[in-house]
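**Q** Got a sequence here, can you build the structure:
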Amino acid sequence: MTQDINFMTKTKALIDNLKSVCANYGLGNDGNEFKIITQVFLYKFLNDKFRYAVKQEKPELDQAENFSKALIDLSEDEYQFLIASLDPNIPRLRPEHLISHLFVKQNDSDFAKTFDDTLRQISIENAEVFSVKSFSGAKDTLFDELTQYISDSSQRDAFAKALINKLFEFSFEEMFEQKYDFFATIFEYLIKDYNTDSGGKYAEYYTPHAVARIMAQIMVPAPVKGAKVYDPSAGSGTLLMSIAHQIGEENCTIYSEDISQKSSNMLRLNLVLNNLTHSIPNIIKTNTIAQPTYLDTKFDYIVSNPPFKLNFSDFHTDLDKDTFKKRFFAGIPKIPNKDKDKMAIYLLFIQHIMFSLSDTGKAAIVVPTGFITAQSGIEKKIRERLITNGWLRGVVSMPSNIFATTGTNVSVLFLDKEADSEHIVLLDASKLGETVTEGKNQRTVLTLIEERLIIDTLNNKKAVKDLAVVVSKEEIAAKSYSFSAGQYFEVKIEYTYITPEEFANKMKTFETNLSELFNESKTLEIEIQNNLKGLKYE
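**A** So this is what the prediction gives:
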């Protein structure tokens, strides 16, 4: 545990040091700082991952006094044989690509060009595994030419040297040896200043870890293998990482779509840090609703925290294609005359997810709580279809302010093509949680005990007083397809039997008390009137 904290501290120090370098060269809070920090960190991580894997495969390299030189001294055949024996998730690097090689070369003229060329070569030679694709098929490379973000060209060599010196200070290799599992925390620390909800057209959506854990542990209560996992609005990948961890990274393949370039790059980094490099080719940067890549693919598990409201009027007509008719069975929200930013795009995501489930598929979707009780429209059509098909496993209504960036109350729908329709769990967690302050925002945080209570209640199909009810599809249909637990809680009225004599005595006491209050009221009225008469103008 001490060693774990030690590595965590060193890793965070590296991130802070990289930010300091950016600040010293005028890039603090610059729009390009995010690219530099995340890409340089990723280069460091891949460099150390390669070194560790090569030493595992060829132990004599670990004993060499100079690792880089020993690697250079290998014949081309030996090197190619070594590379071919590595796991597909390991990057393919040449000796001249290593940080240790650049560290030695840092005083050469035009070092910035050497630095950028190195990153470009790594990108090209690893494009097959590490590139994010867009809908058109174009590939987004692993690294940019980072020194070009320094506008003063005379400072670029010094900037590249400063970065290399920070990267050379410590190694991740011992962490791989110990198999420490804290890279989710490191990822959060790495992106904490950049993954903010800017309120823009395609703002990033961040799902709290408690919600992600609850979704994963309810969806995957028992071991599974060979699972295809999908998120149509992946963001930086919090939900995907959580369910992959629950299934086991080696037992699943991740698929994702998101319109944001920034989110797609964050997700790629998250996959690398969480032993899911094999899924990077399945990250697609696209408009999932209008230009879906995986329309003909069915998934075993789908998780999603989609944008709730968004102006999609510019691609509204594209959604009326015949190929989308079955997909959007409940309809497409109309374009309003005003407040177009409030168009309920999440209703399209729910329908897309239902369409994308395999025959035994399961899904967990974050929705605004208003969805679960709406009396008409697309919302009710979707709920009715879920009940008619027998796909609703349960609903958890979360506490308000569980998301720091929105005051919207949210619920999580749990869908399962093999759901037990006679025991659907509706759980109202709105009164749980503790309030914490994060910057200017207040957020509700569930305790670990409360998380466990929610997970166990849903997985064990338990009714818990004032928390959860277990109902059948017929009962839900009778309540106008409402998914709100509160509408099914029993209202208990306690009756106490009393004799006629006791009733008469109670009534006499009430009458006496009332009479005394009336008399007191009259006395006060007379007193107030007399006091008013006594007032004089002075």
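**Q** Alpha carbons only: can I get the strand ranked longest in the chain in CSV?
**A** In the chain, with assignment by DSSP state E, the single longest strand is strand 357-368. The C-alpha trace of strand 357-368 is given here as CSV (Å, rounded to 0.1, in the frame of the first residue of the first chain):
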residue,chain,number,x,y,z
LEU,A,357,-28.9,-4.9,-28.2
SER,A,358,-28.2,-8.5,-29.0
ASP,A,359,-30.8,-11.2,-28.4
THR,A,360,-29.5,-11.6,-24.8
GLY,A,361,-28.3,-8.0,-24.5
LYS,A,362,-28.3,-5.8,-21.4
ALA,A,363,-28.2,-2.0,-21.1
ALA,A,364,-27.9,0.7,-18.5
ILE,A,365,-28.9,4.3,-19.6
VAL,A,366,-28.8,7.5,-17.6
VAL,A,367,-32.0,9.6,-18.3
PRO,A,368,-33.7,12.7,-16.9
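**Q** for that strand, packing partners?
**A** helix 209-219, strand 299-304, helix 346-356, strand 410-416 (3 or more C-beta pairs under 8 Å, 6 or more residues apart in numbering; DSSP states H and E). The C-beta positions use only the backbone N, C-alpha and C, and glycine is treated the same way.
**Q** what are the phi and psi values for the nearest residue in space to Leu347 that is not next to it in sequence?
**A** Counting by C-beta to C-beta, 6 or more residues apart in numbering, Ile378 is the residue found nearest to Leu347 once chain neighbours are left out, at 4.9 Å. With angles defined as degrees, to the nearest 10, Ile378 sits at phi -60, psi -40.
**Q** Can you check the pLDDT for Ile378?
**A** As predicted, Ile378 sits at a pLDDT of 96.
**Q** got it, and Asn282?
**A** 95.
**Q** Number the chain from 20, please
**A** I'll keep to 20 as the first residue from here, and by that count the last item is Asn301.
**Q** May I have the residues that are in contact with it?
**A** The contact partners of Asn301, taken as C-beta atoms under 8 Å, 6 or more residues apart in numbering, are 272-275.
**Q** Mind doing that once more with 10 Å?
**A** Contact analysis of Asn301 by C-beta atoms under 10 Å, 6 or more residues apart in numbering lists 151-152, 247-249, 272-276, 290, 295, 312-313, 316.
**Q** Can you go through those and name the buried ones?
**A** By neighbour count, with 16 or more other C-beta atoms under 10 Å, those hold 151-152, 247-249, 272-276, 290, 295, 312-313 as buried.
**Q** Closest one of those residues to Ile369?
**A** For the buried ones among the contacts of Asn301, the residue nearest Ile369 by C-beta to C-beta is Tyr249; the value is 14.1 Å.
**Q** tell me the phi and psi of the closest one?
**A** Dihedral pair for Tyr249: phi -140, psi 140, per degrees, to the nearest 10.
**Q** Okay, and the beta partners of the residue lying closest to it once chain neighbours are set aside?
**A** In this structure, Tyr249 finds its nearest non-sequential neighbour in Phe318, 4.0 Å apart by C-beta to C-beta, 6+ apart. Phe318 has these beta-bridge partners by DSSP bridges: Leu376.
**Q** For Phe318, list the residues it contacts.
**A** By C-beta under 10 Å, 6+ apart, the contact set of Phe318 is 246-251, 272, 274, 372, 375-377, 380-382.
**Q** which of those sit farthest apart?
**A** The widest separation within the contacts of Phe318, taken as C-beta to C-beta, falls between Thr272 and Ile372 and amounts to 17.8 Å.
**Q** What separation is there between the residue nearest to Tyr249 and Gly380?
**A** Distance from Phe318 to Gly380, counting by C-beta to C-beta, to the nearest Å: 6 Å.
**Q** Ok, Ala349 next?
**A** To Gly380, Ala349 is 18 Å away according to C-beta to C-beta.
**Q** Those two: which is more packed in?
**A** Per other C-beta atoms under 10 Å, whichever of Ala349 and Gly380 has more neighbours is Gly380, with 21 against 18.
**Q** can you count the residues close to the nearest residue to the more buried one once chain neighbours are set aside?
**A** Nearest non-adjacent residue to Gly380, counting by C-beta to C-beta, 6+ apart: Lys436, 5.2 Å away. Using other C-beta under 10 Å, Lys436 is surrounded by 17 other residues.
**Q** what's the distance between Lys436 and Val243?
**A** Lys436 is 15 Å from Val243, by C-beta to C-beta.
**Q** got it, and Ser128?
**A** Noted for Ser128: a distance of 56 Å to Val243, by C-beta to C-beta.
**Q** Report the secondary structure element holding Ile303.
**A** In the assignment (DSSP states H and E), Ile303 maps to strand 302-304.
**Q** now for that strand, which elements pack on it?
**A** Counting contacts by 3 or more C-beta pairs under 10 Å, 6 or more residues apart in numbering; DSSP states H and E, strand 302-304 is packed against strand 151-153, strand 271-277, helix 280-292.
**Q** can you pull the pLDDT of the residue positioned nearest the centre of the chain?
**A** By C-alpha atoms, centre = their mean, the chain has its centre lying nearest to Thr257, at 3.2 Å. Reading off the confidence values, Thr257 has pLDDT 88.
**Q** Gly254 now?
**A** 87.
**Q** before we move on, what SS does it have?
**A** coil (DSSP: H, G, I helix; E, B strand; the rest coil).
**Q** Run a quick check on it versus Ile302, I expect a contact.
**A** No. Between Gly254 and Ile302 there is no contact under C-beta atoms under 10 Å: 11.7 Å.
**Q** Find residues that contact each of these two.
**A** Any residue near both Gly254 and Ile302 by C-beta under 10 Å, 6+ apart counts here, and that gives 275, 277, 282-283, 286.
**Q** Just give me the closest of those residues to Thr476.
**A** Nearest member of the shared contacts of Gly254 and Ile302 to Thr476, counting by C-beta to C-beta, is Ser275, at 29.8 Å.
**Q** shouldn't that closest one be in contact with Leu286?
**A** Yes. Using C-beta under 10 Å, Ser275 makes contact with Leu286 at a distance of 6.2 Å.
**Q** list residues touching both of these two?
**A** Contact criterion C-beta under 10 Å, 6+ apart; residues shared by Ser275 and Leu286: 151, 250, 253-254, 256, 259, 298-299, 302, 304.
**Q** Distance to Thr454 for those residues - can I get that in CSV?
**A** Output for the shared contacts of Ser275 and Leu286, formatted as CSV (distance: C-beta to C-beta, whole Å):
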residue, distance to Thr454
Val151, 38
Asp250, 29
Ala253, 29
Gly254, 25
Gly256, 27
Leu259, 28
Ser298, 37
Ile299, 39
Ile302, 36
Lys304, 37
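**Q** Which one of the helices and strands packed on strand 302-304 lies nearest to Leu366?
**A** Going by C-beta to C-beta, the one of those nearest Leu366 is strand 271-277, 17.4 Å.
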